[in-house]
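Novice: One predicted model, sequence on top.
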Amino acid sequence: MTRALREQIMSEVLDEHELTSSGLNSLLDQETLLSGQRNLAASLQWRDAYLDPINYIQIELLKRARQQNEDTTDNHKDGDLNVEDPLIRSINALAAGLRNTG
């Protein structure tokens, strides 16, 4: 995927997110999402502090897995890190964190 296409898609995703958020806020007559549910908002902020590092690790593992898949000439060089197991573990960790916190 080219950089321009990636930026175009991300721009559209961000625009849709903003449109959806503002629509929900307007519909619910509130300033921000969860402004009427302070306890839930606080709980989600605490959760994010623990899940964000796993998200960043997962991004790095996905990059490495994709790089390994693109390397068709010598897929198993000495010293290469097998990222499949840590990637699956990161997915399971995020799923468990989301399941435990809603």
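Specialist: Perfect, thanks for sending it. Numbering: from 1, shown residues only.
Novice: From now on I want contacts and neighbour counts done on CA atoms only, so please keep to that.
Specialist: Fine.
Novice: center of this structure - which residue?
Specialist: Nearest to the mean C-alpha position of the chain, by CA atoms, centre = their mean, lies residue 55 at 5.6 Å.
Novice: Sketch out the helices for the protein, chain order is fine.
Specialist: Assigned helices in the chain, in chain order: 3-27, 38-70, 84-101 (criterion: DSSP state H).
Novice: one step back: who's in contact with the residue nearest to the centre of the chain?
Specialist: Applying CA atoms under 8 Å, 6 or more residues apart in numbering, one finds that residue 55 lies in contact with 90, 94.
Novice: Next one: it, what pLDDT does it get?
Specialist: Per-residue pLDDT puts residue 55 at 89.
Novice: how many neighbours does residue 38 have?
Specialist: Other residues within reach of residue 38 by the criterion other CA atoms under 10 Å amount to 11.
Novice: ok, now which ones touch it?
Specialist: Contact criterion CA under 8 Å, 6+ apart gives no residues in contact with residue 38.
Novice: lowest-pLDDT helix or strand in the chain?
Specialist: Here the helix or strand of the chain ranked lowest by mean pLDDT, DSSP states H and E is helix 84-101, holding a mean of 84.
Novice: just checking, what packs against that helix?
Specialist: Judged by 3 or more CA pairs under 8 Å, 6 or more residues apart in numbering; DSSP states H and E, helix 84-101 is in contact with helix 38-70.
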